[in-house]
Each structure stands twice: as C-alpha cells, then as structure tokens.
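Student: prediction below, plus the sequence it came from.
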Number of protein chains: 2
Amino acid sequence: MPRSEVPLDDIDHDLLAVLQRDADQTLSALGERVGLSPSAVQRRITRLKKHGVIARTVVELAPEATSDLILAVCVVTLDRESNERHERFQQRLLDAPEVQQIYMVSGDWDYVVVFATHGMAHHNEVTGRLLSDAPNVRRYTTLFVLKPVRTGNALPTRRAESG
Amino acid sequence: MPRSEVPLDDIDHDLLAVLQRDADQTLSALGERVGLSPSAVQRRITRLKKHGVIARTVVELAPEATSDLILAVCVVTLDRESNERHERFQQRLLDAPEVQQIYMVSGDWDYVVVFATHGMAHHNEVTGRLLSDAPNVRRYTTLFVLKPVRTGNALPTRRAESG
DNA sequence: CGCGGCATGCAAAAATCTTGCGCTTCGGTG
DNA sequence: CACCGAAGCGCAAGATTTTTGCATGCCGCG
C-alpha cells in the first residue's frame, strides 16, 4: 500500500541502508546497528513495509555459482510508439523469467532489457523469441556481460551514508 | 565460499525460485511450497548459503516510494584498455552508493552502469564526478529511465519454472 | 546381502519475534 | 503555565519460529 509520502528520520535511513545490504539479521543485531531496541526496530520495519517503502525481501544468488550463466544487456527500439504496442511488448517480457530487468528509457532507444540465461543456445532462443521475432521491435543491440562487477538494487534513501 | 560445483535437484530449484521472489516466509510456509518439512528446508537453505549459491538476503525498496528518484543507465567507454585503468575505474564506481549496477560488456562500449540518485542535481553531481571528470573515460551516453518496468536480480537456475 | 552415506521427519530445546503496558517526549490548547 | 493526546520507546511475558539430536528409510557399492 504505497502511501503518498512517508516521513523517514535518520534511523529509518540507517535501517534501510543496513537492510538493503543484509536483511538476514536478528532484530537485536539490527537494533545494535541503529541504536534501538529489538521491538522498536521491528515496529519500524513493519511500518516501512505497510507503507510500501520496503517492497519485499528476497534472496540474491551468486552469478558465478549459477552454471553457464549468460548476462546480456539489450537496448531496444520499437517500430511505432503507440501505447498499446508498448503494453504488449512489456507484458511479453514480463512473462519471461529470463528477463531480469526492464527499463523504459528516453533517447534513441526505447528500452534497456537485462537477460539472464543458461548458455548461448538458451540466450538465442529467448532473445530470438522476445526480440527478433517480435512484431513491433524495429531494432536492437546486445551487449554481452563479460563481468558483473556489481549487481543489486539498493537505492540510496538519502545522500551519503556512513555505516 | 563458492565451491566449484554444487548439484541442485528439482526441490532446490523450486526453493531458489520461491526465495528469489519472497524470502520473508517461515520455513513451514516454504516447506509447503516445495513439499518438505521445515527442518529439511532449513538444512537445504543452510547448504545453499554455505556453498555460495545464495549470496545474501536483502530488502528491496519500492522505486516509487523513494522521493525524487532518478534512475539512469550509462554506457561508458574508457580511453585505454589497460587492466590497471579498469581496476581504478571499477573501484571508484564501487565506492559510490549511488551506483546500483556495473557490468563490463563486450562490443563498442566497455561498461553499462546503472545510477540511482535523488533529483537531477544529485544525478549530475554523481555522474559528473564519476564519469565526466574521470581521467580515463573517453565517452559515455546516458539513458534516463522513464519507467522501471521491472527491477530485480532473480536468476533462472533452470529452464522454465511453474510456481 | 550387508554396509555406509545421505537426506528426511519428528520432537525437544533454544532463540527470535510479537505484543501489551507504562513511561517519556513533544506540541497544541485552554 | 498546566493539561491533554499522539507518537515512539524499552521492558517483559507469551507466541512462533528456528535449530538440533535422533531414529528411520533410501540408494549405491562391495
């Protein structure tokens, strides 16, 4: 339930910074980091979840531990800019588990899409189906990832943090 | 401790798929989904963590709940391709909390970098410091994100999943 | 056919999470 | 200046969940 505006104080910012790096800690451990009792931490987390600041908790896999992993960034331009075509394109991508991220962007390209597949055959199959064979894709280019230097979705909730 | 090869059976794949979407469940709930007792689930998770398949557990924030959020994808090419320069460039990016993702890629560009900042002023400050003023950046282009259609880092551990 | 190795379920024990309660702080109000 | 209500905290009891020891069942191998 994303409320319009949720006021966050310094402790909330600290807490979110910590949780975005490691959410696998007890409330006591978190409390020590932010200087609060376990129950206070818990109440804040509950509030942040209820207000939709915290969207979800997930596990991240090590890319190098996933066999034959191929990551690729594709930039895509659609044929025509009708809303309906965009909807269809997005939906098709959303339905594919190999599509890790989708960003609609400004400029020469319409979308940036990140694919995660197993082996080149799989990659070709997926991008072929979702991009090459798509009726409204005008053009796309693939940038193969040689090394995922950093992955993650941490968002800075404030300017610089310390801990 | 990433071991060389960790054999994963069907239940492991199911478990990882579930955990990558929602890690905020009790062992019993997870057990129901994958058809195992709580303790068995727990032992599998422990094993996956120890072997480095599961890298970490994190909280994801809702982009729309983060005020003034600006996401941008920058593609970057360095001046010279020496190893040392790459190291330095990567390290500088790694030190910035506003840098969400860094991919070294093949082709015309060397890197794809995703920035998350608060407001255009912040964005300019960060990209200015890390890209424009960087001594070894030859050229870069920014694709501003109009809409984050999908975010996340879920990796498919096997071909298609059902649940 | 018998012997480990391995993963499981069960249940007890340990730890963590959850919640009620009283207290303090902070503003707004009479 | 005193009073009142909202909000957030710590503490502690109670509810759940996690953790672990143990016996069992299932292969694969000698």
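Tutor: Arrived safely. Numbers count the residues shown, from 1 in each chain, chains lettered A, B, ... in the order given.
Student: next one: A:Arg139 from DNA strand C, what distance?
Tutor: Distance, A:Arg139 to DNA strand C, by Cβ to the nearest atom of the strand, to the nearest Å: 48 Å. To be clear about C-beta, it is placed using only N, CA and C from the backbone, and glycine gets the same treatment.
Student: residues in contact with that residue?
Tutor: A:76-77 (Cβ atoms under 8 Å, 6 or more residues apart in numbering or on different chains).
Student: and with 10 Å instead?
Tutor: Listed by Cβ atoms under 10 Å, 6 or more residues apart in numbering or on different chains, the contact set of A:Arg139 reads A:75-79, A:108-110, A:131.
Student: check those and tell me the two furthest apart.
Tutor: Within the contacts of A:Arg139, A:Asp108 and A:Leu131 form the most distant pair, 16.5 Å apart (Cβ to Cβ).
Student: how far off centre is the top strand by length along chain A?
Tutor: If you go by DSSP state E, chain A has its longest strand at strand A:137-150. Using Cα atoms, centre = their mean, to the nearest Å, the distance from the centre of strand A:137-150 to the centre of the chain it belongs to is 16 Å.
Student: parallel or antiparallel, list what pairs with it.
Tutor: strand A:69-78 (antiparallel), strand B:99-105 (antiparallel) (DSSP bridges).
Student: export these as TSV, with columns for mean neighbour count.
Tutor: Converted to TSV, those look like this (neighbours: other Cβ atoms under 10 Å in any protein chain shown):
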stretch	mean neighbour count
strand A:69-78	21
strand B:99-105	22
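Student: follow-up on the earlier one: can you dump the C-alpha coordinates of the longest strand of chain A into CSV?
Tutor: The C-alpha coordinates for strand A:137-150 follow below in CSV (Å, rounded to 0.1, in the frame of the first residue of the first chain):
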residue,chain,number,x,y,z
VAL,A,137,10.7,-4.4,-32.5
ARG,A,138,12.4,-2.3,-35.0
ARG,A,139,16.0,-2.8,-33.9
TYR,A,140,18.1,-3.9,-31.0
THR,A,141,21.7,-4.3,-30.0
THR,A,142,23.1,-6.8,-27.5
LEU,A,143,25.9,-6.0,-25.0
PHE,A,144,27.1,-9.2,-23.5
VAL,A,145,28.3,-9.0,-20.0
LEU,A,146,31.9,-10.1,-19.6
LYS,A,147,31.9,-9.5,-15.8
PRO,A,148,29.1,-8.4,-13.5
VAL,A,149,31.2,-6.0,-11.4
ARG,A,150,28.3,-5.2,-9.2
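Student: sort out which residues of it are buried, please.
Tutor: A:137, A:140, A:142-145, A:148-150 (16 or more other Cβ atoms under 10 Å in any protein chain shown).
Student: in a markdown table: those, plus pLDDT.
Tutor: Below are those laid out as a markdown table (pLDDT from 0 to 100):
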| residue | pLDDT |
| --- | --- |
| A:Val137 | 96 |
| A:Tyr140 | 98 |
| A:Thr142 | 98 |
| A:Leu143 | 98 |
| A:Phe144 | 98 |
| A:Val145 | 98 |
| A:Pro148 | 98 |
| A:Val149 | 98 |
| A:Arg150 | 97 |
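Student: now for the residue of chain A most remote from its centre: which residues touch it?
Tutor: Farthest-out residue of chain A from its mean C-alpha position, per Cα atoms, centre = their mean: A:Ser37, at 30.9 Å. A:Ser37 is in contact with A:27-28, A:31, A:43, counting by Cβ under 10 Å, 6+ apart.
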